[in-house]
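S.K.: Predicted coordinates and the sequence they were generated for:
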2 protein chains.
Amino acid sequence: MPPEKNTPTPAEWKVLKLLFDLGPSAARDLIAAAERAHGWSASTVKTLLRRLTDKGHVEAQAVGSSFLYRATRPAHRAFRDEADRLLANSAPGALGPLLQYLVKKSRLSKDELDELRALIDAQREERER
Amino acid sequence: MPPEKNTPTPAEWKVLKLLFDLGPSAARDLIAAAERAHGWSASTVKTLLRRLTDKGHVEAQAVGSSFLYRATRPAHRAFRDEADRLLANSAPGALGPLLQYLVKKSRLSKDELDELRALIDAQREERER
DNA sequence: GCCACTCGTCTACATTTGTAGACCGACCGA
DNA sequence: TCGGTCGGTCTACAAATGTAGACGAGTGGC
């Protein structure tokens, strides 16, 4: 079980994603981005930011009289947690097709494909033994 | 965009998963399973079942004076929709590692690994051209 | 024919989520 | 120094969600 307990809600995820994209940011930038991306009002973003910090997904570092917001865990960790939730639900047999679908859809670069293939080969080895 | 709009809530997912595991079932079995799995009362399961049918995830086929509940879409489709939500959030660069993590963690069978590998090879081909 | 039991429907209610206004203090430019 | 602006906190409130009791109709067994 990861330390993160309250997973972000969908709306919170959107803010989190903005934070990942922008990197540590001041409120004004997040608000602007959210306005552009989702048409949200400033208040909405502020509330979500507060809830995210309450839940521990975001950290508000005091800078002068305001804050610099940053995600407490790197993007890949956050996505991994999401992926875990997916696995937790998935039935055993359904996993293969699911991964195939993901690989197909996610249009990895050649390098990424190579890495993935290497990983798969390694796993196949294991199955041999 | 899949036809399914209102995605199931976490609690609804749990019921859906039971349905996938048990196959089309009568209320009593679902209730029993949910009681065992989550300690839920009968009412709770009934409500979730109703909401699932409202949302179109579950279909209640009249049999005698009661219903036989079945998922409207096969498990793999449902999981696929979940996976799509994951992809929708994920940043481009993060995808490779994410898939690696999934493959590693999901302990596929040899056959599944083979299929996945074949798929990857096909994708690599494409990258060539 | 009566009764316990099942089911499905209605209703309920606390909590969480989505969305946002009001207000207040700090800071900056004029 | 005065007024605007920016950011943060408080408060609000409708909708969705989690969880469940109450009730009434059908039914299988006796």
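M.R.: Looks like it came in fine.
S.K.: And the pLDDT at the spatially closest residue to A:Lys110 that is not a sequence neighbour?
M.R.: Spatial nearest neighbour of A:Lys110, chain neighbours left out: B:Arg127 (4.4 Å); criterion: CB to CB, 6 or more residues apart in numbering or on different chains. (Glycine included, C-beta is placed from N, CA and C.) We note a pLDDT of 83 for B:Arg127 in this prediction.
S.K.: Which residues are in contact with B:Arg127?
M.R.: A:Ser109, A:Lys110, A:Leu113 (CB atoms under 8 Å, 6 or more residues apart in numbering or on different chains).
S.K.: Give me the pLDDT for A:Pro3.
M.R.: pLDDT, A:Pro3: 38.
S.K.: The one 10 residues further on too?
M.R.: pLDDT, the model's per-residue confidence, is 94 for A:Trp13.
S.K.: That one: helix or strand, and which one exactly?
M.R.: helix A:10-22 (DSSP states H and E).
S.K.: Following that helix in sequence, what is the next regular element?
M.R.: For helix A:10-22, the following helix or strand on the C-terminal side (DSSP H and E) is strand A:25-26.
S.K.: so what pLDDT did the residue lying closest to A:Val63 once chain neighbours are set aside get?
M.R.: Distances taken as CB to CB, 6+ apart put A:Ala26 closest to A:Val63, at 7.9 Å, once the chain neighbours are dropped. Listed pLDDT for A:Ala26 reads 95.
S.K.: what's near enough to touch A:Ala26?
M.R.: Neighbour list for A:Ala26: A:Val63, A:Ser66, A:Phe67, A:Leu68, A:Tyr69 [criterion: CB under 8 Å, 6+ apart].
S.K.: Recalculate using a threshold of 10 Å.
M.R.: Contacts for A:Ala26 (CB atoms under 10 Å, 6 or more residues apart in numbering or on different chains) come out as A:Ala32, A:Val63, A:Gly64, A:Ser66, A:Phe67, A:Leu68, A:Tyr69.
S.K.: what about it, distance to chain B?
M.R.: 21 Å (CB to the nearest CB, to the nearest Å).
S.K.: measure that residue to DNA strand D for me?
M.R.: When distance is defined by CB to the nearest atom of the strand, to the nearest Å, A:Ala26 is 5 Å away from DNA strand D.
S.K.: Could you do A:Ile31 as well?
M.R.: Distance, A:Ile31 to DNA strand D, by CB to the nearest atom of the strand: 6 Å.
S.K.: Next, the angle helix A:10-22 makes with the helix or strand hosting that residue.
M.R.: Under the criterion DSSP H and E, the helix or strand holding A:Ile31 is helix A:27-38. Here the directions of helix A:27-38 and helix A:10-22 differ by 120 degrees (axes from the mean of the first three to the mean of the last three CA atoms, to 10 degrees).
S.K.: For DNA strand D, give me its nearest residue in chain A.
M.R.: With CB to the nearest atom of the strand as the measure, A:Arg28 is the residue of chain A nearest to DNA strand D, at 2.6 Å.
S.K.: one step back: make CSV from the contacts of B:Arg127 and add pLDDT to it.
M.R.: Formatted as CSV, the contacts of B:Arg127 follow (pLDDT from 0 to 100):
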residue, pLDDT
A:Ser109, 88
A:Lys110, 90
A:Leu113, 92
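S.K.: What is the burial count for A:Leu113?
M.R.: 22 (other CB atoms under 10 Å in any protein chain shown).
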